[in-house]
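**Student:** what follows is a predicted structure for the sequence shown.
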Amino acid sequence: MSKLKETILEINLTHLTHNYTYLKSKLDSKVRLLAVVKAAGYGSDSVTIAKHLEKIGADYFAVAYVSEGITLRKAGIKTPILVLHPQPINFSSLIKYNLEPSLYSPRILREFISIAEAKNQNDYPVHIKFNTGLNRLGLWENDVDYIINNLKKTKSIKVKSLFSHLAASEDHNEKEFTIRQINLFKKITSQMIDQLGYKPILHQCNTSGVLNYPEAHFDMVRTGIGLFGYGNDANYDTHLKPIASLKSVISQIHTLEPGETLGYNRAFVSDGYTKTATIPIGHADGIGRQYGNKNGFFIVNGKKAFILGNVCMDMIMIDITDIDCKEGDEVIIFDNTSSAAIIAESAGTISYELLTAISPRVKRVIIGNN
């Protein structure tokens, strides 16, 4: 009999330790590991994740926004935190909470120097991001002189790291492009180091870079999705353990007669006697409408139960016609066996989107914290 009574997201810290250990095993002992815990820890719980990773030895954290870094600081996290996409309006708060900004454009560089000087900072740690091909954020190779000239005019900041982001490190068909990115990063950082007169931390690899490009580990690597159990490659997925399991229960069971319809817009029409189960989870919880109409499925007593009709805000109906189950039984949306990557693929998306969409109203349950 199922002990589960409601929809929960189970977060397994033993699995987190396993993934951290596996990724560390791919690195030289001198290479640092930066754990990316943005987006509420990839949809789990950023504070819980960061506290555990801090305890087992993570060297750095990264978040996307200043507010995420403040949450970690208020929770007692002492490890350095890189803010990957800060906005000038938040620079004062960033300094107040001892967060470290990515300076990714001439404007951001100028504005942070201005705030740092106004607050009488000295050698405040900053990270200079270069664009080597992702074309999303980052300074260019021809900005090096501009950066150096601005740095020479102030004592308010000091470069803690130089970094870039690989665009397709998980795609073996894009190896040539990735190698070009790595070589460009080497060229840019060599110029920067020559003019700075000291060597900051260098980092370019994301999770797939860690696994596929050991020659680009440099001084530090950044890993996000890998810590949460996904390697973007079936060969690596077998070595990782998803830390999050989304589970629910059967609220009610119905039997539809031939020709009866189900759900909003009568999107499902039964072509025979169909037994359905209603589950207390919906698109407000992160299971989007793209999973409806048999694009997605849940697991009930070890069997696939496809989603019928349109996903509702708070409920989803699934086909249990050939499954032996009853009201109150457990339903697996994703777990260590039927992973978020598998479920996401069924609806034409990726694990990142499914994981990070899980609503805060879904109860988090922590297990494995030994």
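**Tutor:** Arrived safely.

**Student:** okay, now the closest residue to residue 245 other than its chain neighbours: neighbour count?
**Tutor:** Excluding the flanking residues, the one nearest residue 245 by CB to CB, 6 or more residues apart in numbering is residue 335, at 3.8 Å. In this view, the C-beta of every residue, glycine as well, is placed from N, C-alpha and C. Residues lying near residue 335 (other CB atoms under 10 Å) number 17.

**Student:** list the buried residues for the helix or strand of the chain with the lowest mean pLDDT?
**Tutor:** With mean pLDDT, DSSP states H and E as the measure, the helix or strand of the chain carrying the lowest mean pLDDT is helix 234-237 (a mean of 88). For helix 234-237, the neighbour count (16 or more other CB atoms under 10 Å) marks 236, 237 as buried.

**Student:** C-terminal to that helix, what's the next element?
**Tutor:** Using DSSP states H and E, the helix or strand that follows helix 234-237 in sequence is strand 244-249.

**Student:** buried residues in that following strand, which are they?
**Tutor:** Buried residues in strand 244-249 (16+ other CB under 10 Å): 244, 245, 246, 247, 248, 249.

**Student:** again, but for stretch 277-294
**Tutor:** Neighbour counts using 16+ other CB under 10 Å place 277-283, 285-293 of stretch 277-294 among the buried residues.

**Student:** any idea how far stretch 362-370 is from the chain center?
**Tutor:** Counting by CA atoms, centre = their mean, to the nearest Å, stretch 362-370 is centred 18 Å from the centre of its parent chain.

**Student:** contacts for that stretch next, please.
**Tutor:** If you take CB atoms under 8 Å, 6 or more residues apart in numbering as the criterion, stretch 362-370 is touched by 6-17, 44-45, 48, 52, 246, 281, 285-286.

**Student:** take these and keep only those in strands.
**Tutor:** Judged by DSSP state E, the subset of these located in strands is 8, 9, 10, 11, 12, 246.

**Student:** and the residues you listed as a markdown table, adding distance to residue 191 and pLDDT?
**Tutor:** Below are the ones in strands among the contacts of stretch 362-370 laid out as a markdown table (distance: CB to CB, whole Å; pLDDT from 0 to 100):
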| residue | distance to residue 191 | pLDDT |
| --- | --- | --- |
| 8 | 51 | 98 |
| 9 | 46 | 98 |
| 10 | 48 | 98 |
| 11 | 43 | 98 |
| 12 | 44 | 98 |
| 246 | 47 | 98 |
